[in-house]
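Chemist: when you get a sec, could you give me coordinates for this:
(chains A and B)
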Amino acid sequence: MDLQALAVILDSALRLSVPLLCACLAGLWSEKSGVVDIGLEGKMLIAAFAAAAGAHASGSALIGLAAGIGASVAFSLVHGFAAISQRGNQIVSGVAINMLAAGLSAIVGNAWYGQGGRTPSLEGDARFGDIALPGADAFAAVPVVGPLFREVVSGHALPAYLAFLAVPLTWFVLARTRFGLRLRAVGEKPAAVDTAGISVPLLRYAAVIICGVLCGIGGAYLAVAQAAAFLPNMTAGKGFIALAALIFAKWRAWPALGACLLFGLLDAGAIRLQGVSLPLIGPVPVQAIQALPYVLTVILLAGFIGRAVPPAASGVPYVKER
Amino acid sequence: MFAKSFRIAFAGVVAGVAGLAGAALAQTDIKPAIVYDAGGKFDKSFNEGVFNGAERFRKETGIAFRDFEPTSETQMEQALRRFARDGHSPIIAVGFSQASAVAKVAAEFPQIKFTLIDGASQLPNVQSVSFKEHEGSYLVGVAAAKASKTGKLGFVGGMDIALIRRFACGYVLGAKSVNPSVEVFQNMTGSTREAWNDPVKGAELAKSQIDRGADVVYHAAGGTGAGVLRAAADAGKLGIGVDSNQNGLHPGKVLTSMLKRVDVAAYSSFKAARDGTWKPGSTVLGLKEEGVDWALDDNNKPLITPEISAAVDKARADIVGGTVTVHDYIADNKCPG
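Modeler: Numbers count the residues shown, from 1 in each chain, chains lettered A, B, ... in the order given. Next up, the predicted model:
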């Protein structure tokens, strides 16, 4: 495999991993604070719809992104209200979010545009274009690194860079700041945080809102950058794969990046390997190639990551003792 | 683009309103209905072609039709049965995946007329219409090979089935008839019905082909194809549409479209039923019967050089005249060369 082919696969892997990464980091924030969130899928979906509708109405991708984040945060707050204020079952609330988003986006979409839940396709400024990073062409002459930089790192849409920027940011805030320490404590032992005079609900709400923002970026990327319209159910289980990636990464930011990139790479590999004759095996059937990411996920999750321990208080509503 | 979407949306609203109004009147006349395939009514391709044909019938006759977009295979049979029980006839079932459902429901309701598009059936109350997609694909293959500068072409299929391989095979043979050393990258989107409606994956597949040097990409992937054509247009390359005329989706970036006249099939089924000339049996429409063709309009006129149109016209004459026979993949599950 030559360099060009490798660059193509890596580039594709990066694009495919962006929505996963957004959802995975969103889940990380939420679960670190003790709120289990299986509604990532639903939030991304509603964000994708709002982003496509917003971008279509305004003709601006940025307004679409804002609309996506807004919708996703609104859903997050519903989940937060159920899980934090009402101390409800977080799984049930998450499932409800998923169903609500799937139904609402299709019905509202059909009512507004009458195209079976689709939004009209977006053109020009209503979509995020690819951003060429400065220096991409200048360094192109440097062997190996130059072309890789130009093909792989440069030339993605704005939300993709936001997603990758969120990785070091998440790591830094959670590991190195006072807010991050308190947030982690709230996920492990909320009673201790409460004793120290810090509001548990406030911290959890903050985490849930951050989760909403990240899901919003992921959803907007799907509808406004990767595709050019919203389609019913376009997230296609990415929110759940992100949850798998989160467990895989043991609730840590950098490994989350690694896990999402791995899933993206498997997806990209599946696309590239189609119809290619492998040595010894010959041409591999499409179905086998397409099952590869799932098979590897099962194998990796089953035996190769060791024990994955979630935050101690995740999924447990905090009840103040009086 | 916007004008088009608006028009479609408007037509949808009109159809809805007319459907309500027409329900009471329809008893004296035919009550046509359509059950779409997985891509959905507005896939701008296969299903939308059927819808457009039915719309034409509605505008001409004022007879409204009912339609249904199934979200799963099981719903297809339920929808067919519901329409049949309500006395709708003829019922158009769109797509090969409805063949078994039609066989079942048609046997239960022998007095109801069914039209199956893209399938074959021997039942006495079923009319089946299929197309020689390989012939139409051959023509666009000729055009693609003539338009390509790199000598590399792409093909993105929807679900990996023999029918779609037939498109691919015709395309490859057409391209090779012009340039024997042409290289055609072929990808299928998937092996489930979701493969008809995954433009993100379609765009990724097209991008990977373009990155490998393809400069004309043909799709036979229903709703997935929107992503293919968009990826080609974004990269400054050419796409080729399928089923409906998709030249207008990205004017100047879509070389041509392989027309599969499902609109004509739908229109003539309704019309024949109304005129009392509807007949069961299977029809296969090829280039000769004008069931398939390539699309030439104002949107792609600047792209079609005299050389391209001469080559395509010659290929068409050869196929219609019988001097060239395009191999049918479905005949032996193989593609020569």
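Chemist: run a quick neighbour tally on the residue nearest to residue B:50 when sequence neighbours are not counted.
Modeler: Residue nearest to residue B:50 in three dimensions, not counting chain neighbours: residue B:266, with 4.6 Å by CB to CB, 6 or more residues apart in numbering or on different chains. To be clear about C-beta, it is placed using only N, CA and C from the backbone, and glycine gets the same treatment. By other CB atoms under 10 Å in any protein chain shown, the residues close to residue B:266 number 28.
Chemist: and residue B:266, how far is that from residue B:256?
Modeler: Between residue B:266 and residue B:256 the computed distance is 22 Å (CB to CB, to the nearest Å).
Chemist: how near is the residue nearest to residue B:50 to residue B:58?
Modeler: Distance from residue B:266 to residue B:58, by CB to CB: 11 Å.
Chemist: next: residue B:263.
Modeler: In terms of CB to CB, residue B:263 sits 12 Å off from residue B:58.
Chemist: over to residue A:220?
Modeler: As judged by CB to CB, residue A:220 and residue B:58 stand 38 Å apart.
Chemist: in a helix, residue B:282, correct?
Modeler: No. Secondary structure of residue B:282, determined by DSSP: H, G, I helix; E, B strand; the rest coil: strand, with no helix assignment.
Chemist: how much space separates the spatially closest residue to it that is not a sequence neighbour from residue B:82?
Modeler: Distances taken as CB to CB, 6+ apart put residue B:128 closest to residue B:282, at 4.3 Å, once the chain neighbours are dropped. Distance, residue B:128 to residue B:82, using CB to CB: 21 Å.
Chemist: so for the two, which residue has more residues nearby?
Modeler: More crowded of residue B:128 and residue B:82, by other CB under 10 Å: residue B:128, with 23 against 16.
Chemist: who's in contact with the more buried one?
Modeler: Residue B:128 makes contacts with B:115, B:116, B:117, B:119, B:120, B:121, B:281, B:282, B:283, as judged by CB atoms under 8 Å, 6 or more residues apart in numbering or on different chains.
Chemist: adding pLDDT, write these out as TSV.
Modeler: Converted to TSV, these look like this (pLDDT from 0 to 100):
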residue	pLDDT
B:115	94
B:116	94
B:117	94
B:119	85
B:120	84
B:121	84
B:281	90
B:282	89
B:283	89
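Chemist: quick one: contacts for the residue nearest to residue B:50?
Modeler: Neighbours of residue B:266 in contact, by CB under 8 Å, 6+ apart: B:34, B:49, B:50, B:51, B:53, B:54, B:57, B:92, B:115, B:117.
Chemist: hmm, try it at 6 Å
Modeler: Residues near residue B:266 by CB atoms under 6 Å, 6 or more residues apart in numbering or on different chains: B:50, B:53, B:54, B:92.
Chemist: among the residues you listed, which two are most distant?
Modeler: B:53 and B:92 (9.0 Å; CB to CB).
Chemist: okay, the two: which has more neighbours?
Modeler: Neighbour count, other CB under 10 Å: between residue B:53 and residue B:92, residue B:92 has more, with 29 against 23.
Chemist: contacts for whichever helix or strand the more buried one is part of next, please.
Modeler: In this structure, residue B:92 is located in strand B:91-94 according to DSSP states H and E. With contact meaning CB under 6 Å, 6+ apart, strand B:91-94 is reached by B:33-37, B:47, B:50, B:83, B:102, B:114-117, B:266.
Chemist: dihedrals phi and psi, the nearest residue to residue B:183 once chain neighbours are set aside?
Modeler: Nearest non-adjacent residue to residue B:183, counting by CB to CB, 6+ apart: residue B:152, 4.8 Å away. Residue B:152 adopts backbone torsions of phi -130, psi 130, taken as degrees, to the nearest 10.
Chemist: re the thing from before, can you put the contacts of residue B:266 in JSON lines and add secondary structure and pLDDT?
Modeler: Shown next, in JSON lines, are the contacts of residue B:266 (DSSP: H, G, I helix; E, B strand; the rest coil; pLDDT from 0 to 100):
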{"residue": "B:50", "secondary structure": "helix", "pLDDT": "94"}
{"residue": "B:53", "secondary structure": "helix", "pLDDT": "93"}
{"residue": "B:54", "secondary structure": "helix", "pLDDT": "94"}
{"residue": "B:92", "secondary structure": "strand", "pLDDT": "95"}
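Chemist: just name the closest of the residues you listed to residue A:8, please.
Modeler: Using CB to CB, residue B:50 is the member of the contacts of residue B:266 that sits closest to residue A:8, with 36.9 Å.
Chemist: residues in contact with the one residue in the stretch 101-250 of chain B that gets nearest to chain A?
Modeler: Chain A sits closest to residue B:211 of the stretch 101-250 of chain B, with a gap of 4.2 Å, by CB to the nearest CB. For residue B:211, the contacting residues are residue A:8, by CB under 6 Å, 6+ apart.
Chemist: distance check, it against residue A:188.
Modeler: 46 Å.
Chemist: do the longest helix along chain A and chain B meet?
Modeler: Using DSSP state H to assign secondary structure, the helix with the most residues in chain A is helix A:3-32. Yes. Judged by CB under 6 Å from any CB of the partner chain, helix A:3-32 comes into contact with chain B at A:8, A:12.
Chemist: what's the following helix or strand after that helix?
Modeler: helix A:40-58.
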